[in-house]
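Visitor: I would like to see how this sequence folds:
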Amino acid sequence: MSIGEFSLIEKFFTQRGEEGAIELGIGDDAAALRVPDGHVLQVSTDTAIGGVHFPRDLPPADIAYRSVIAAASDLAAMGASPIGMLLAITLPTAEEVWLSRFAKGVRAASETTGLPLVGGDTTRGGLSITVTVMGSTPASSCLRRDGARPGDHVCVSGTLGDAAAGLAIIEGNLKASDQAAAEFLKRRFSAPTVRLALGESLLRVATSAIDLSDGLLLDAEHVAEASAVAIEIDSYKIPLSPAIRTLPDSSRSLQWALAGGDDYELLVTLPPGEPVPGLLTVIGRVTTGRGVSCDQSPAKRGYDHFAG
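Guide: Okay, here's the model as predicted:
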């Protein structure tokens, strides 16, 4: 059963009451948000298109959840404390069952990230989800891409390659003999982990940071370019999950870790002598020069939205 635009918003996305940073939420022409004294606002937008960034037949709760996490990961990379989010949805039709499940995923992601939904938009067209996230950091202390210096350690959080392997399983391009491992990998695509607490803990500690959305090599290249340095990665140091290690083709697993994308882990650089937090693994080093190399060879790029 279809539903009208304003009934859709009222039924599935209106959150009652104002709390925390919310002065005025859904229901007016704009939201009004509070930013703590001495802080600056951090804002990022992420768009996911059905059939491009996720399979169109992915469960709607998963589409919603991973869309919010993908956007929130940018706040993690800045070291920001969450404030709120905006959600714009384009749908071919407004089916109540689909929307109910989608809204459930939004609520779950809101609870996970601490990002209340404060507004957005709905329209008709091809399936597309745009999430704008807002957070805050103390003035002049956010994490950035341009602070890496020669001698720094290059570190990543969590394990890499799981999401790309999970997508391959979801799309039927990979068969996994271990069912538990297959389910783990699929969840790593549909319900990635967001590292907001880790990002905040690295303020004034890390020299640079970026979230791993487009693949380790390409995202490391962004840091190297912004910082005017070279980054050297040792592939044997890249953390791989027990689940991805069960797959028969180890070279393919490593390629997913290097260039698969959708991990939403953090890549950070730490000064030499700085203790490495338990969630991070040192995988390389920052040197003089330009570009990214892996095992002393020039690295191939990861995901590019406009690559031919």
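Visitor: In three-state terms, label residue 148 for me.
Guide: With DSSP: H, G, I helix; E, B strand; the rest coil as the basis, residue 148 sits in coil.
Visitor: ok, it - how many residues close by?
Guide: The number of residues packed near residue 148 is 29, by other C-beta atoms under 10 Å. Every residue, glycine included, has its C-beta placed from N, CA and C.
Visitor: So it versus residue 268, what's the distance?
Guide: Using C-beta to C-beta, to the nearest Å, residue 148 is found at 9 Å from residue 268.
Visitor: Give the intersection of the neighbour lists for these two.
Guide: residue 208 (C-beta atoms under 8 Å, 6 or more residues apart in numbering).
Visitor: Which residue ranges of the stretch 151-300 of the chain form strands?
Guide: 153-157, 208-211, 230-233, 266-270, 280-287, 291-294, 297-298 (DSSP state E, counting those that start in this stretch).
Visitor: Sheet partners, orientation included, of the fourth one?
Guide: Right, strand 266-270. strand 153-157 (antiparallel), strand 208-211 (antiparallel) (DSSP bridges).
Visitor: Average pLDDT for the first one, rounded please.
Guide: In other words, strand 153-157. Taken as a whole, strand 153-157 carries a mean pLDDT of 98.
Visitor: angle of it against strand 280-287?
Guide: 150 degrees (axes from the mean of the first three to the mean of the last three C-alpha atoms, to 10 degrees).
Visitor: who's in contact with strand 153-157?
Guide: 195, 198, 212, 216, 220, 231-233, 238-239, 265-272, 274, 276, 279-286.
Visitor: Just give me how far it sits from the chain centre.
Guide: In terms of C-alpha atoms, centre = their mean, to the nearest Å, the gap separating the centre of strand 153-157 from the centre of its chain is 16 Å.
Visitor: Could you check that strand and say which residues are buried?
Guide: For strand 153-157, the neighbour count (16 or more other C-beta atoms under 10 Å) marks 153, 154, 155, 156, 157 as buried.
Visitor: Report the spatially closest residue to the fourth one, excluding sequence-adjacent ones.
Guide: Excluding its sequence neighbours, the residue lying closest to residue 156 (C-beta to C-beta, 6 or more residues apart in numbering) is residue 267, at 5.2 Å.
Visitor: Residue 20 contacts residue 116, correct?
Guide: Yes. Between residue 20 and residue 116 there is a contact at 7.2 Å, judged by C-beta atoms under 8 Å.
Visitor: So between those two, which is more surrounded?
Guide: Higher neighbour count among residue 20 and residue 116: residue 116, with 23 against 12, using other C-beta under 10 Å.
Visitor: For residue 122, see how far away that one is.
Guide: Separation of residue 116 from residue 122 (C-beta to C-beta) stands at 18 Å.
Visitor: hang on, the earlier thing: and residue 190, which of the strands of the stretch 151-300 of the chain is closest to it?
Guide: When these are compared by C-beta to C-beta, strand 208-211 sits nearest residue 190, at 17.5 Å.
Visitor: residues in contact with the spatially closest residue to residue 198 that is not a sequence neighbour?
Guide: Of all residues not flanking residue 198 in the chain, residue 279 sits nearest, at 5.5 Å (C-beta to C-beta, 6+ apart). Contact partners of residue 279, counting by C-beta under 8 Å, 6+ apart, are 157, 158, 195, 198.
Visitor: Which one of those residues is nearest to residue 257?
Guide: In terms of C-beta to C-beta, no member of the contacts of residue 279 lies closer to residue 257 than residue 158, at 11.0 Å.
Visitor: okay, now the closest one: neighbour count?
Guide: Residue 158: 20 neighbours (other C-beta under 10 Å).
Visitor: pretty sure it is touching residue 188, no?
Guide: No. Contact status for residue 158 versus residue 188: not in contact, 9.2 Å apart, counting by C-beta under 8 Å.
Visitor: related to what we said a few turns ago, between all of the contacts of residue 279, which two are separated the most?
Guide: 158 and 198 (9.3 Å).
Visitor: Could I get the pLDDT score of residue 9?
Guide: For residue 9, the model assigns a pLDDT of 51.
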